[in-house]
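Undergrad: Here is a sequence with its predicted model. Questions after.
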Protein chains: 2
Amino acid sequence: MTELLKGVLEGVVLQVIQNSQETYGYQITNTLIELGFQDIVEGTVYTVLLRLEKKNLVTVEKRKSTVGPARKFYRLNDAGVAYLADFWRKWAFLVDQLVKIKH
Amino acid sequence: MTELLKGVLEGVVLQVIQNSQETYGYQITNTLIELGFQDIVEGTVYTVLLRLEKKNLVTVEKRKSTVGPARKFYRLNDAGVAYLADFWRKWAFLVDQLVKIKH
DNA sequence: AACTCTTACCTAGTAATACTAAGTACTGGA
DNA sequence: TCCAGTACTTAGTATTACTAGGTAAGAGTT
């Protein structure tokens, strides 16, 4: 399963961020687990987030929390929205190809 | 696109082999290109084939050709068939997850 | 105060995999 | 003879997800 995730996880995390307008790593991890990615580990999500930050697809804002350490809140910026749209286009294309091959 | 292929390509190649009962690397590459994987390069397919061989998912038979060097013909063995079925299960699962996340 | 649990983030190292960019070799035709 | 098409191989690299830790803040318990 893990190899199938390659390249997908980035788009998935971007989509999760977009779905909630604004969210942070710990919450994203839990969301993914709830959605069925049982094996996703915190560390993996954080490396994706750092990558998205480095690629300038998200904005980051650190804010204190009353129940633990400060949270880093992520939002998509314009480049992130475009990147996500492109991800879904590529994904749809891939799904199409695989359907063709299967038959 | 290339990152999205990770993990998928192995299943795709297995399926292409199964579709034609028996085939060889050069032909698989051309089939994939025809099917829309424009950017697939020979070298990539051959490394996948060697991997499938190493994992014991295929049988190999070298036979002479009248139009060039000898061809290595691949067939799925039982393990290959099972592996391919498992690939499609995982793929279906992933597609489901992504549909959920998108909405 | 010391402890534990939950929350929250970070990172060094590793494995898997696809691509780059070559190279080798066989056959047939110009 | 040279070239184009056929056919396979491989060393090196980049990307990416996981392993397996570690750090730290707050709240409640003892």
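TA: Yep, that arrived. Numbering: from 1, shown residues only, chains lettered A, B, ... in the order given.
Undergrad: In stretch A:7-26, which residues are buried?
TA: A:7-18, A:23-26 (16 or more other Cβ atoms under 10 Å in any protein chain shown). Where C-beta positions appear, they are placed from N, C-alpha and C, glycine not excepted.
Undergrad: Those residues in strands, which ones?
TA: A:23-24 (DSSP state E).
Undergrad: near DNA strand C too, which of the buried residues of stretch A:7-26?
TA: Filtering the buried residues of stretch A:7-26 for neighbours of DNA strand C using Cβ under 7 Å from any atom of the strand leaves A:24-26.
Undergrad: Using TSV, lay out the residues you listed together with distance to B:Leu98 and pLDDT.
TA: Formatted as TSV, the entries for those read as follows, by distance: Cβ to Cβ, whole Å; pLDDT from 0 to 100:
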residue	distance to B:Leu98	pLDDT
A:Tyr24	22	97
A:Gly25	20	96
A:Tyr26	22	96
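Undergrad: from those residues, which single one is nearest B:Thr47?
TA: Comparing these against B:Thr47 with Cβ to Cβ picks out A:Gly25 as the nearest, at 34.7 Å.
Undergrad: What is the nearest of the buried residues of stretch A:7-26 to B:Arg63?
TA: A:Gly7 (36.6 Å).
Undergrad: Could you list the contact residues of chain A toward DNA strand D?
TA: By Cβ under 7 Å from any atom of the strand, the residues of chain A that approach DNA strand D are A:2, A:5-10, A:39-44, A:47-48, A:51, A:64-69.
Undergrad: For PyMOL, write the select line for the buried members of those.
TA: When burial is assessed using 16+ other Cβ under 10 Å, the buried subset of those is captured in PyMOL by this command:
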select buried, chain A and resi 5+7+8+9+10+40+44+48
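Undergrad: which residues does the residue nearest to A:Leu4 when sequence neighbours are not counted contact?
TA: Nearest residue to A:Leu4 in three dimensions, chain neighbours excluded: B:Gly7, at 4.3 Å (Cβ to Cβ, 6 or more residues apart in numbering or on different chains). With Cβ atoms under 8 Å, 6 or more residues apart in numbering or on different chains as the criterion, the residues that contact B:Gly7 are A:2-6.
Undergrad: Swap in 7 Å and give it another go.
TA: Neighbour list for B:Gly7: A:3-4, A:6 [criterion: Cβ atoms under 7 Å, 6 or more residues apart in numbering or on different chains].
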